[in-house]
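Asker: Sequence first, predicted model second:
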Amino acid sequence: NAGVTQTPKFQVLKTGQSMTLQCAQDMNHNSMYWYRQDPGMGLRLIYYSASEGTTDKGEVPNGYNVSRLNKREFSLRLESAAPSQTSVYFCASSARGRGSPLHFGNGTRLTVT
Amino acid sequence: QQQVKQSPQSLIVQKGGIPIINCAYENTAFDYFPWYQQFPGKGPALLIAIRPDVSEKKEGRFTISFNKSAKQFSLHIMDSQPGDSATYFCAATSDTGNQFYFGTGTSLTVIP
């Protein structure tokens, strides 16, 4: 099982450019999440999708959009990248229900110059 | 507002020592408390988790202690090894909610 797969692994953007981070899971999980990780800040939730067809804002949604394409795929889009969006982005999924943990991908390291 | 507070930010111990990482929360609706371990260049991976109906849970060298009245929980790593050097995150969620709330992480270094 691949689990949660994120692409690309690394990306460098110039300020104002746009890009989409891709995420796919093969565990038939209902819920999917996008987090960003910054030094000293822990993991902060950007957006999540509790089930196919729904999306909700997390703690830091400004500057991002998401699409739950189907049950497997959840993408994160930066429409106009800013240096403040330099971070490591993690996608995660969960079955939800009692005792269901998050399963993370290996991240996308994004640098905005 | 930080839903889960974690300390210390970093920790250095000798091999065989017992590092302890502490977390505290406010929301009494939280009923599932996982710990994640993250190695450089990798995503966080579930290490161990606990529910508030028990005060302690052990899995191998890893133990969670839970104090429901104080709204605190901690991770103990027995007989720590250099391979345990990683960043550890505590988290909290509720079965009726959709979000996991993470602490800010603890960078652990185990010196040989």
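Answerer: Okay, I see it.

Asker: any low-confidence regions in the chain?
Answerer: This is for chain A. Scanning chain A for pLDDT under 70 picks out the ranges A:1, A:97-99.

Asker: look at chain B instead
Answerer: B:1.

Asker: three-state assignment of the residue in it that chain A sits nearest to?
Answerer: Across chain B, the shortest distance to chain A (Cβ to the nearest Cβ) belongs to B:G43, at 3.3 Å. Using the backbone N, CA and C atoms, a C-beta is placed for each residue, glycine as well. Following DSSP: H, G, I helix; E, B strand; the rest coil, B:G43 is assigned to coil.

Asker: What residues does the closest residue to it other than its chain neighbours make contact with?
Answerer: Nearest residue to B:G43, sequence neighbours excluded (Cβ to Cβ, 6 or more residues apart in numbering or on different chains): A:F104, at 3.3 Å. Contacts for A:F104 (Cβ atoms under 8 Å, 6 or more residues apart in numbering or on different chains) come out as A:4, A:90-92, B:36, B:43-45.

Asker: hmm, which of these are the buried ones?
Answerer: Those of these that meet the buried threshold are A:4, A:90-92, B:36, B:43-44, by 16 or more other Cβ atoms under 10 Å in any protein chain shown.

Asker: Counting only strands, which of those residues make the cut?
Answerer: A:4, A:90-92, B:36 (DSSP state E).

Asker: Kindly list the main-chain dihedrals of the nearest residue to A:N30 once chain neighbours are set aside?
Answerer: Of all residues not flanking A:N30 in the chain, A:S51 sits nearest, at 4.9 Å (Cβ to Cβ, 6+ apart). Backbone geometry at A:S51, expressed as degrees, to the nearest 10, gives phi -160, psi 170.

Asker: hang on, A:S51 packs against A:S31?
Answerer: Yes - taking Cβ atoms under 8 Å as the definition, A:S51 is a contact partner of A:S31 at 6.8 Å.

Asker: Looking at these two, which has the bigger crowd around it?
Answerer: Neighbours per residue (other Cβ atoms under 10 Å in any protein chain shown) separate A:S51 from A:S31, with A:S31 holding more: 24 against 14.

Asker: For the residue of chain B closest to chain A, list the residues it contacts.
Answerer: Taking Cβ under 8 Å, 6+ apart as the test, what B:G43 contacts is A:4, A:90, A:92, A:104-107.

Asker: Where does chain A get nearest to chain B, residue-wise?
Answerer: For chain A, Cβ to the nearest Cβ, closest residue to chain B: A:F104, 3.3 Å.

Asker: Could you tell me how far that residue is located from A:N28?
Answerer: 17 Å (Cβ to Cβ, to the nearest Å).

Asker: Quick check, central residue of chain A?
Answerer: Centroid-nearest residue in chain A, with Cα atoms, centre = their mean: A:W34, separated by 2.7 Å.

Asker: partners of the host helix or strand of that residue, with directions?
Answerer: Using DSSP states H and E, A:W34 falls within strand A:31-38. According to DSSP bridges, strand A:31-38 has the following sheet partners: strand A:42-49 (antiparallel), strand A:87-94 (antiparallel).
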